[in-house]
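**Q** Fold the stuff below for me.
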Amino acid sequence: MPQAKKKAKTPPKVVVANLPKTAPKPVEKADSNPTPEERLMRLDTLRANGIINQQEYDEQRKAIISSL
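**A** Next up is the predicted model:
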């Protein structure tokens, strides 16, 4: 019996969309010089979340206020 020749299937056509090139949005950096008010607010958050204890809070608060 003769073997039937298999035809190679043609691959599907791939269409590449030409998307407009846009610049990526810049990553926002944390402010390197927060105001004393921002520092105190962050300190309050750290204490409220249990990251620092009351003694650490008091020491840092005193340091922030004395820098004014």
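**Q** the helices in the chain, which residues?
**A** All helices of the chain, identified by DSSP state H, fall at 36-48, 54-66.
**Q** average pLDDT across stretch 15-24?
**A** Stretch 15-24 carries an average pLDDT of 72.
**Q** Send me it as CSV with only the CA atoms.
**A** Provided in CSV are the C-alpha atoms of stretch 15-24 (Å, rounded to 0.1, in the frame of the first residue of the first chain):
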residue,chain,number,x,y,z
VAL,A,15,-0.9,40.4,12.7
VAL,A,16,1.1,42.8,14.8
ALA,A,17,-0.7,45.9,15.8
ASN,A,18,1.2,49.1,15.6
LEU,A,19,0.5,50.7,19.0
PRO,A,20,1.4,54.3,19.6
LYS,A,21,4.6,54.7,21.5
THR,A,22,4.0,56.5,24.8
ALA,A,23,6.5,57.3,27.4
PRO,A,24,6.0,55.4,30.6
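**Q** how near is E56 to L43?
**A** Noted for E56: a distance of 9 Å to L43, by CB to CB, to the nearest Å. Quick note: C-beta positions are derived from backbone N, CA and C, even for glycine.
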